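**Student:** what would the 3D arrangement of this be:
(one chain, ligands or ions: 1)
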Amino acid sequence: MEIKKVGVVGCGLMGHGIAQVSAQAGYDVVVAEASQEKLDSGIGKITKQLGRAVEKGKMEQDAADEILGRIQGTLDLEDFADCDLVVEAVTEDLDLKLEIWKKLDEVVKDEAYFATNTSSLPVINMAAATNRTEQFLGLHFFNPVQVMPLLEVIQSVTTGTDAIDVGLGFGEKLGKKTVHTKDKAGFIVNRLLVPYLLDGIRGLEEGIGSIDEIDAAMKAGAGHPMGPLTLADFVGLDTLMSISNVMYDEFRERRFAAPPTLRKMVAAGFYGKKSGRGFYDYSGDKPVSVNPGL
Ligand code: CAA
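**Tutor:** Take a look at the predicted model:
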């Protein structure tokens, strides 16, 4: 089946980016949020990104208007009825995701494909809540979606080859580098990246360097665009903790366990860049490191 209309559930950090790149690739997009305020904020981010592209001379105003015109915002999942592919990008809360998938399974046409953007939860747990387990796959994007070239296409134990081909084709049309991987917690990237970020936090706890020194060292010494503590803030400390909990549950290895400092920062509401404070304070012109009081 040719994919023409894409539904995106969630217009937050990941969802707004997925909606934007899908519309840029020519798909009609419907994007849902739980409240008008959140929807306005997500669509506002897309409008801003497109505006910047026009300012930089990378896009004509007409093209930006057309892309925005292809995106319909909604608060009602009933508007997903005629979607060919639905991508879910809500917070990493399995109960919430299951509730959404059950509703979507009722309202979306039977032949449509379903994909979750989960970063670590088992795809099969969500697929099993629907009556289309063969058409259910994982499509894992990276933040910022507009910039990061990778799309992980995840095959659960029930995903059919048709669904994988749809995922790979969708990724290619978005201009992404696709990799086909298995439904194991963390897939490829987080399996390797998450223990590294957690080790950055453990290194801070053990005093190998300050926040600034650890970040500067990995940028200058390993050529990374961001140091591990900046990247942890960027991913979101709450998200990092929930990924590490899922991975620890699955593998029972210390390298996947959330260090105490991460747990305490999340308990304090320090979620990183999105909340204004994590290992850095983002309230000023430039982020300033804040020792989490180890
Ligand atoms: N949204 C859209 N575009 C953005 C953006 C955003 N949030 N942030 C930056 N950009 C664009 C800029 O507009 C700029 O575009 P142009 O080249 O067209 O001008 C380009 O990206 C480069 O941006 P900057 O010059 O401002 O900054 P930079 O060169 O420092 O790059 C970065 C910023 C791309 C984020 C870079 O620091 C980077 O690659 N960081 C690592 C990001 C990363 O590892 N992401 C994966 C996280 S893990 C994950 O997402 C999965 C998970 O499950 C946890």
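
**Student:** looks like residue 134 contacts residue 156 (just checking).
**Tutor:** No: with contact defined as Cβ atoms under 8 Å, residue 134 and residue 156 do not form a contacting pair (9.7 Å). Yep, even glycine has a C-beta here, placed from its N, CA and C like the rest.

**Student:** those two: which is more packed in?
**Tutor:** Per other Cβ atoms under 10 Å, whichever of residue 134 and residue 156 has more neighbours is residue 156, with 21 against 14.

**Student:** residues contacting that one?
**Tutor:** Residues in contact with residue 156 (Cβ atoms under 8 Å, 6 or more residues apart in numbering) are 122, 123, 124, 127, 133, 136, 137, 138, 183.

**Student:** and the last one, how close does it get to the ligand?
**Tutor:** Meaning residue 183. 15 Å (Cβ to the nearest ligand atom, to the nearest Å).

**Student:** same question for the first one.
**Tutor:** Computed with Cβ to the nearest ligand atom, the distance linking residue 122 and the ligand is 15 Å.

**Student:** count of neighbours near that residue?
**Tutor:** Counted with other Cβ under 10 Å, residues neighbouring residue 122 total 20.

**Student:** ramachandran angles for the spatially closest residue to it that is not a sequence neighbour?
**Tutor:** Excluding its sequence neighbours, the residue lying closest to residue 122 (Cβ to Cβ, 6 or more residues apart in numbering) is residue 183, at 6.0 Å. Backbone torsions of residue 183, given as degrees, to the nearest 10, read phi -80, psi 60.

**Student:** check whether residue 183 really touches residue 154, as I assumed.
**Tutor:** Yes: assessed by Cβ under 8 Å, residue 183 is found in contact with residue 154 at 5.6 Å.

**Student:** helices - which of the contacts of residue 156 land there?
**Tutor:** Secondary structure from DSSP state H places 123, 124, 127 of the contacts of residue 156 in helices.

**Student:** next one, pLDDT for the first one please.
**Tutor:** Residue-level confidence at residue 123 comes out at 98, pLDDT.
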